[in-house]
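S.K.: generate a structure from the sequence data that follows.
(one chain, ligands or ions: 2)
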Amino acid sequence: MKSKAMVLEQFNKPLSEREFDIPPLPEDGILVKLLASGVCGSDLHMAKGEDPRTPLPIILGHEGVGEIVQINGRKRDLNGEELNVGDWVIWDRGIVCNECFWCKVAKQPYLCPNRKIYGINLSCKDYPHLLGAYSEYMVLFRETQMIKVPKSIDPASIVLAGCSGATSMHGFDTLTEPLIGKTVVVQGAGPLGVFCVVAAKSLGASTVVMVSGTKQRLDLAKEAGADLLINRHESSLEERIAILQNLTHNRGADVVIEASGSSNALLEGFRLLRRGGTYLVTGVAVPQQCIPVDVYQDIVLKNIDLKGVWVSDARHLVQAVDLVIRHTKIFEKLVTHRLPLSQANEALRLVEERQALKVVLTFQ
Ligand SMILES: [Zn+2]
Ligand SMILES: [Zn+2]
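M.R.: Ligands and ions are numbered 1, 2, ... in the order given. The predicted model follows:
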């Protein structure tokens, strides 16, 4: 049996279509046939050589949903359900060692220094080769955390649960107080930001404010439950600060979530946040230029909780999948483009030109 895959062989060059022999499965490994593969902003950074984790050559794709075609042994999902051939599954993109300080002592497995990540730091030159989701088939190691996905769901709508969705839930998971009655600002209405809107409303936030520069994206954020939309290009920073002050008895937002992918957003976010508020930085996922921070005014005097959010673990994947399953309509709408695997380069272009909200590679 063979599998076609789109391979990044050189940075800043188009992906090449390659055919791989499907290898014998590792012990307790699982072979899945992809149903949908999400194209993430990180893939674009990787293709440009901006993500220091990228080995070459690599099959990109760390967001996948697939149908199990072969299991070498027995396997249960994160809900304890036995997995069988024919089941649809989504998986945690990362596999951790369960032996290091972060896995065992700190209980922060997302920081495991030995974390292997499908489509991000596993090269296709190494056995079992099919380790990214821009491929017809993928081999999943026994340690992979999986969740069975109901067949009533559109696989394209749920892929983001495996990356931006889970990262978003990681951010919310760190909050020490419930969101009930709170005002939340989300910066950036891409897939991560829209996910944050749905999550914040589900967790009880009374007012969710979306700040974005794109009308189409703002419209979707509204459908996702945002109470107030602010177009960055049609307002000044001072106006946005005034809007937040008016909404919050002159305090500012209780929680600000950076979901734009830009470090610069923090300079605004600090101003929108109230004293004693919490800032979740979830979108900045590759090295960027430093920003000038007024440590006294923005961090210390305000006594804020500034929280960097790096990737996610199995718990966050469970939460993200649950959220998508309960809000399928909005996540289906988020998928603006569906392309076949062979058009992965076009898919990356759509993401780069910001013409798309979520681009998903789909399979027959
Ligand atoms: Zn991603
Ligand atoms: Zn570890």
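S.K.: quick one: residue 40 and residue 166 touch, right?
M.R.: No. Between residue 40 and residue 166 there is no contact under CB atoms under 8 Å: 11.7 Å. Quick note: C-beta positions are derived from backbone N, CA and C, even for glycine.
S.K.: domains in the protein, by residue range?
M.R.: 2-163+312-362, 175-308 (automatic domain parsing).
S.K.: looking at the ones you listed, which is nearest to ligand 1?
M.R.: With CB to the ion, the closest approach to ligand 1 among the domains of the chain belongs to domain 2-163+312-362: 3.1 Å.
S.K.: and the end-to-end length of the closest one?
M.R.: 18 Å (CA to CA, to the nearest Å).
S.K.: ok, stretch 251-260 next?
M.R.: Where stretch 251-260 begins and where it ends lie 23 Å apart, using CA to CA.
S.K.: and residue 43, what does it touch?
M.R.: 60-62, 119, 348, 351 (CB atoms under 8 Å, 6 or more residues apart in numbering).
S.K.: SS state for it?
M.R.: Counting by DSSP: H, G, I helix; E, B strand; the rest coil, the backbone at residue 43 sits in helix.
S.K.: quick one: it and residue 133, what's the gap?
M.R.: 10 Å (CB to CB, to the nearest Å).
S.K.: how far off centre is stretch 95-106?
M.R.: Relative to the centre of its chain, stretch 95-106 is centred 22 Å away, using CA atoms, centre = their mean, to the nearest Å.
S.K.: what parts of the protein come near ligand 2?
M.R.: 96-97, 100, 103, 112 (CB under 5 Å from the ion).
S.K.: secondary structure element for residue 316, which one?
M.R.: Using DSSP states H and E, the element containing residue 316 is helix 314-326.
S.K.: can you list contacts of the following helix or strand past that helix?
M.R.: Using DSSP H and E, the helix or strand that follows helix 314-326 towards the C-terminus is helix 328-334. By CB under 8 Å, 6+ apart, the residues outside helix 328-334 that reach it are 153-154, 156-158, 160, 191, 194, 198, 220, 223-225, 324, 357-358.
S.K.: can you select the buried ones from those residues in ChimeraX?
M.R.: Provided next is the ChimeraX selection string for whichever of these are buried by 16 or more other CB atoms under 10 Å:
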select :153,154,156,157,158,160,191,194,198,220,224,225,324,357,358
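S.K.: among the contacts of helix 328-334, which pair sits farthest apart?
M.R.: By the measure CB to CB, 156 and 225 form the most distant pair in the contacts of helix 328-334, at 20.9 Å.
S.K.: residues touching residue 8, list them.
M.R.: By CB under 8 Å, 6+ apart, the residues touching residue 8 are 15, 46-47, 54, 56-60.
S.K.: list just the nearest of the contacts of residue 43 to ligand 2.
M.R.: Out of these, the member with the shortest distance to ligand 2 (by CB to the ion) is residue 62, at 18.3 Å.
S.K.: residues in contact with that closest one?
M.R.: Counting by CB under 8 Å, 6+ apart, residue 62 makes contact with 40, 42-43, 93, 117-120, 132-133, 162-163.
S.K.: so which of those residues reach ligand 1?
M.R.: For ligand 1, the contacts drawn from the contacts of residue 62 by CB under 5 Å from the ion are 40, 42, 163.
S.K.: now those as CSV including pLDDT, neighbour count and distance to residue 68?
M.R.: Below are those laid out as CSV (pLDDT from 0 to 100; neighbours: other CB atoms under 10 Å; distance: CB to CB, whole Å):
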residue, pLDDT, neighbour count, distance to residue 68
40, 95, 28, 23
42, 94, 24, 26
163, 97, 29, 21
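S.K.: just put the residues you listed in a markdown table and tack on distance to residue 240.
M.R.: A markdown table is the format used below for the ones next to ligand 1 among the contacts of residue 62 (distance: CB to CB, whole Å):
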| residue | distance to residue 240 |
| --- | --- |
| 40 | 28 |
| 42 | 28 |
| 163 | 28 |
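S.K.: rewinding a little: among the contacts of helix 328-334, which one has the lowest pLDDT?
M.R.: Confidence by pLDDT is poorest for residue 357 among the contacts of helix 328-334, given 92.
S.K.: how close does it get to residue 333?
M.R.: Per CB to CB, residue 357 is found 8 Å from residue 333.
S.K.: spatially central, which residue of this protein would that be?
M.R.: residue 164 (1.4 Å; CA atoms, centre = their mean).
S.K.: hmm, residue 192 and that one touching each other?
M.R.: Yes. The pair residue 164 / residue 192 is scored as a contact, 4.0 Å apart, by CB under 8 Å.
S.K.: contacting residues around the residue in the stretch 201-350 of the chain that ligand 2 sits nearest to?
M.R.: The stretch 201-350 of the chain approaches ligand 2 most closely through residue 313 (10.8 Å), counting by CB to the ion. By CB under 8 Å, 6+ apart, the contact set of residue 313 is 92, 94, 96, 109-110, 166, 170.
S.K.: can I get the residues of the chain next to ligand 2 in JSON lines including pLDDT and distance to residue 182?
M.R.: JSON lines is the format used below for those (pLDDT from 0 to 100; distance: CB to CB, whole Å):
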{"residue": "96", "pLDDT": "97", "distance to residue 182": "32"}
{"residue": "97", "pLDDT": "97", "distance to residue 182": "37"}
{"residue": "100", "pLDDT": "98", "distance to residue 182": "35"}
{"residue": "103", "pLDDT": "98", "distance to residue 182": "32"}
{"residue": "112", "pLDDT": "98", "distance to residue 182": "32"}
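S.K.: tell me the two of those that are most distant?
M.R.: Once CB to CB is applied, the residues of the chain next to ligand 2 give 96 and 100 as the farthest pair, at 8.0 Å.
S.K.: any common contacting residues for those two?
M.R.: 112, 114.
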